[in-house]
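Trainee: just to be clear, the model below is a prediction. Sequence and coordinates:
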Amino acid sequence: MNLDLTPDEAGFREEVRAFIAANLTPELRRQNQLTTAMYPDPHISLPWHKALAKKGWVAPLWPVEYGGTGWSAMQRFIFDSECGVAGAPPIPPFGIRLVGPVILRFGTEAQKQFYLPKILSGEDYWCQGYSEPGAGSDLASLQCRAVRDGDEYVINGTKIWTTHAHFANRMFALVRTSTQGKQQEGISFVLLDMDTPGLTVRPIRSIAGEHEVNQIFFDDVRIPAANLVGKENDGWTVAKYLLEFERGGGLFSGRHRSNLSRIRRICDVLEERGVSILASPLKRAKFAEVTASLDVYEMLELSVIRDLAPGESIGAVASVLKLQSARMKQEIGMLGIDLLGPYALEWWPEVPEEMEAGEILLHTPTMDYLNGRAHSIFGGAQEVQLTLISRSVLGR
Amino acid sequence: MRLRRNEEELGLREGIAKLAAGATDISRPAAQNASVFWSGLVEGGWLGIALPEERGGFAGSATDIASVMEAAGHGALITHFLPNVLIAARLLAWAPECHEYHDILAAIIAGESALAAVATGDWDESWPITAREEAGGWSLTGTAPPVYGAEHAENLVIQARLADGGVGYFLAASRTPGIVARSFPTLRGVPATSFTFDITVPASARLDISAAAASAVFNQALAGACWEAVGAMDYLLRTTAEYVAMRHQFGKPLSSFQVVQHRLAEMSAQCEIARAAALLASLATGNVARATSHAKIVTSKAARQVSQNAVQLHGGMGVTEELAVGTYFRLLTSFDALLGTPEQHLARSWKVAIEPGDFRKSAVLG
Ligand SMILES: Cc1cc2nc3c(=O)[nH]c(=O)nc-3n(C[C@H](O)[C@H](O)[C@H](O)COP(=O)(O)OP(=O)(O)OC[C@H]3O[C@@H](n4cnc5c(N)ncnc54)[C@H](O)[C@@H]3O)c2cc1C
């Protein structure tokens, strides 16, 4: 074994760096730097999405004939690492990483033709309608009802925690099409347009004060029956396939590293103002401890994906990555507020328009800490991941 | 990048695994198993793995050394391999050619207690042995922290701080008058020895090894130590999973309780993390000090977590000598102080990775 890049890998890395240098404008980088939510708003992510799409690099997990890159796992790792470290905006997963692979696997030819190009180009912006007020961890208990009426389904009910629904023009959703048999057996996976009459979006403010998630109400929302993906009442199979990508498809070490670097930058900014944070041996040790965890986490990501073919999901070990990535996010969040102490207290429920970017930068660790708490809840709470991991340890 | 073992590396790992399995008999004390394993390593000629060909070894890769150390940890087969072969012999082997060393190195490969190291890596800046140059030689004084593998050693490589702030390595017979040694049993399951030096050695006793070469020896030893911990943690995870599945209370297996499942899952996650840490330590090529210190810091934490949970989930049996759990618990407890404490590695991390800004770069791509 060795970590030396092959000449091809080194060449690829140079190509990625050149692409980033040519396309990641300082303005985009700055805006991403100031983002503390899980995903930046579309006005930040879309320009980057489009630049990647133009280059043919936006969908590494897709088959080449549909616009994928044909990259090895190693190339994917190099690409994500370089983008993360450079501070490029992450692409929200809902289209490219979640519904894309689902349509590729379960969609009809017509669905593939219609949706996939719009996902690739960034023309469509997707959101994920899985969770409901009564169905969180126990997703299979979902109640949002879809009743077949001729060539249509009529949907009534509600979805919640829908990230970026206020930006999205399309949603993929799990709906109940049958109340017979086991809970899992009456679920279907559907695609719908956000401007369909009867659908309303209510914003929910996050603990950090941001508007990222929403509640959706369906009031006799009619969608074409052709928007079903997979078979009716077989949506649970589709849902589980998607969750594998949600829990293990992403590589986050680059992003975590850029968050850690941001803390160092803030310490340096404060230093210029005469506030010395990193002179304390205790704080240095804390910084080193988190950096050590991150370095090892990066190796963990690499060792998990090393054998993956493009489009393949990683299986059970996904839960270990999900658990650990959330912890990294939270450790870095805690490091920020621990190092800054009283300088981390300032918090604006809504950031005033006239606030300078530099001032906002100083608040990012606090926001990061607040937002970090959600990472051990969404996409399967920490406890749910632990139960999944224990099953593989106990061999059942 | 090559993240899988090649044929040769796989073959070696298989050979070592067989040897380790053959040496492990749970009805015997761990020390006895270890000495069977050691004999096997010697007879199979495996000790040469750590030395270059021109010094009589066969220059195994970092991965090969990982294989030996992981198997040793898994079976709690603690031998002189780490302190005497990976450290002492290499300090000698990586110094430029000297005839006297040939015999010592040959004896080490033959399994004899020819050499031990009273030395540590560059993470310890207040190493208490000092060397002062005198007419025609050096005088070495001070009391060193305990080291492994020295209880029967004929010769010692002694690390000492020099007046100019540098570090020197000196070769001396262990029976030299002025060396006071005290050996005692330890948590690791093997003896350690504390040395007090008040000796004068000739100028020729100084090894001509650069600080960078010495530091590489210790960094690689650190990687080996991490693999040993990974092997031991894996053993504890497996044996604990079997125990909680077998043991019934309240009319059902302990493994049916969610708290128990979650403890096991945490242990499993920590085992994966420790494995990634050891991989990073073995394979890093750029800033190796960063990689190895970070691996040590993370592995120490994981080892505490896994060993404490293993004991907890075994209940009363976990705190006895009835099962091997106690042996592994003590072994992993001793890992913290092996080759630098977490505190020393945190300080080194600050120096080599954070202050200079290297931490902003990928740990594996550089
Ligand atoms: C910021 C954010 C964004 C999100 N985005 C989306 C989105 O875009 N689309 C979408 O569909 N959903 C989204 N979610 C929803 C998310 O997936 C759910 O929050 C998650 O599945 C947990 O469900 P819940 O919040 O109802 O918690 P509950 O299920 O009520 O659980 C509460 C807590 O109980 C514990 N717990 C739950 N189950 C168990 C168990 N079996 N064993 C032990 N402990 C348990 C856990 O600690 C858990 O955190 C988002 C959530 C957040 C916070």
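Mentor: Right, received. Where do you want to start? Here the structure is a predicted model, which means the values were calculated and not measured.

Trainee: centre-most residue in the chain?
Mentor: No chain in the question, so chain A it is. residue A:93 (4.8 Å; Cα atoms, centre = their mean).

Trainee: my bad, chain B
Mentor: residue B:225 (3.3 Å).

Trainee: ok, that residue - contacts?
Mentor: B:69, B:82, B:296, B:335, B:338, B:339 (Cβ atoms under 8 Å, 6 or more residues apart in numbering or on different chains). (Glycine included, C-beta is placed from N, CA and C.)

Trainee: before we move on, what about residue A:69?
Mentor: Counted by Cβ under 8 Å, 6+ apart, residue A:69 has contacts A:56, A:57, A:59, A:60, A:62, A:75, A:310.

Trainee: could you confirm the second one falls within a strand?
Mentor: When you say that, I think you mean residue A:57. No. Counting by DSSP: H, G, I helix; E, B strand; the rest coil, residue A:57 is located in no strand; its state is coil.

Trainee: for the closest residue to the ligand within chain B, give me its contacts.
Mentor: Nearest to the ligand, among the residues of chain B, is residue B:258, at 6.1 Å (Cβ to the nearest ligand atom). Counting by Cβ under 8 Å, 6+ apart, residue B:258 touches residue A:387.

Trainee: show me what the helix or strand of chain B with the lowest mean pLDDT is packed against.
Mentor: Every helix and strand in chain B was compared by mean pLDDT, DSSP states H and E; the lowest is helix B:99-109, with a mean of 88. Counting contacts by 3 or more Cβ pairs under 8 Å, 6 or more residues apart in numbering or on different chains; DSSP states H and E, helix B:99-109 packs against helix B:90-93, strand B:115-118.

Trainee: show me what from chain A comes close to the ligand.
Mentor: With the criterion set to Cβ under 6 Å from any ligand atom, chain A comes near the ligand through A:128-131, A:136-137, A:161-163, A:213, A:374, A:377-379, A:381, A:383-384.

Trainee: ChimeraX command for the buried members of those residues?
Mentor: To isolate the buried members of the residues of chain A next to the ligand in ChimeraX, using 16 or more other Cβ atoms under 10 Å in any protein chain shown:
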select /A:128,129,130,131,136,161,162,163,213,374,378,379,383,384
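
Trainee: show me the residues of chain A next to the ligand that map onto strands.
Mentor: A:128, A:129, A:213 (DSSP state E).

Trainee: now these in CSV, please, with extra columns for distance to residue B:312.
Mentor: Formatted as CSV, these follow (distance: Cβ to Cβ, whole Å):
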residue, distance to residue B:312
A:128, 39
A:129, 42
A:213, 38
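
Trainee: can you give me the pLDDT of the residue nearest to the centre of chain A?
Mentor: Note on residue A:93: pLDDT of 94.

Trainee: now do the contacts for it.
Mentor: Neighbour list for residue A:93: A:39, A:245, A:246, A:249, A:250 [criterion: Cβ under 8 Å, 6+ apart].

Trainee: for the helix or strand containing residue A:119, buried residues please.
Mentor: Using DSSP states H and E, residue A:119 falls within helix A:109-121. Using 16+ other Cβ under 10 Å as the burial criterion, the residues of helix A:109-121 that qualify are A:111, A:115, A:116, A:119, A:120.

Trainee: again, but for stretch A:368-375
Mentor: For stretch A:368-375, by 16+ other Cβ under 10 Å, it's A:368, A:369, A:370, A:371, A:372, A:374, A:375.

Trainee: show me the contacts for residue 58.
Mentor: Defaulting to chain A. So residue A:58 contacts A:49, A:52, A:67, A:91, A:96, A:120, A:122 (Cβ under 8 Å, 6+ apart).

Trainee: hm, I was asking about chain B
Mentor: B:45, B:48, B:49, B:51.

Trainee: swap in residue B:64?
Mentor: With Cβ under 8 Å, 6+ apart, residue B:64 has these contacts: B:9, B:12, B:13, B:49.

Trainee: who wins for most neighbours among these?
Mentor: Of all the contacts of residue B:64, the highest neighbour tally under other Cβ atoms under 10 Å in any protein chain shown goes to residue B:49, namely 23 neighbours.

Trainee: I'd say residue A:174 and residue A:141 touch.
Mentor: No. Contact criterion Cβ atoms under 8 Å: residue A:174 and residue A:141 do not qualify, at 11.0 Å.

Trainee: pLDDT on the longest helix along chain B, on average?
Mentor: Criterion DSSP state H: the longest helix present in chain B is helix B:211-246. Mean pLDDT, computed over helix B:211-246, is 97.

Trainee: state the mean pLDDT of the strand or helix carrying residue B:309.
Mentor: Per DSSP H and E, residue B:309 falls inside helix B:288-313. Average pLDDT, helix B:288-313: 98.

Trainee: counting contacts, what elements does it pack onto?
Mentor: Under the contact rule (3+ Cβ pairs under 8 Å, 6+ apart), helix B:288-313 is packed against helix A:281-305, helix B:211-246, helix B:258-283, helix B:325-335, helix B:342-349.

Trainee: low-scoring pLDDT stretches of chain A, where are they?
Mentor: When residues are selected by pLDDT under 70, those of chain A lie in A:247-249, A:307-316.

Trainee: what does chain B give?
Mentor: B:97.

Trainee: rerun that using 80 as the cut-off
Mentor: Counting by pLDDT under 80, the ranges of chain B that qualify are B:96-100.
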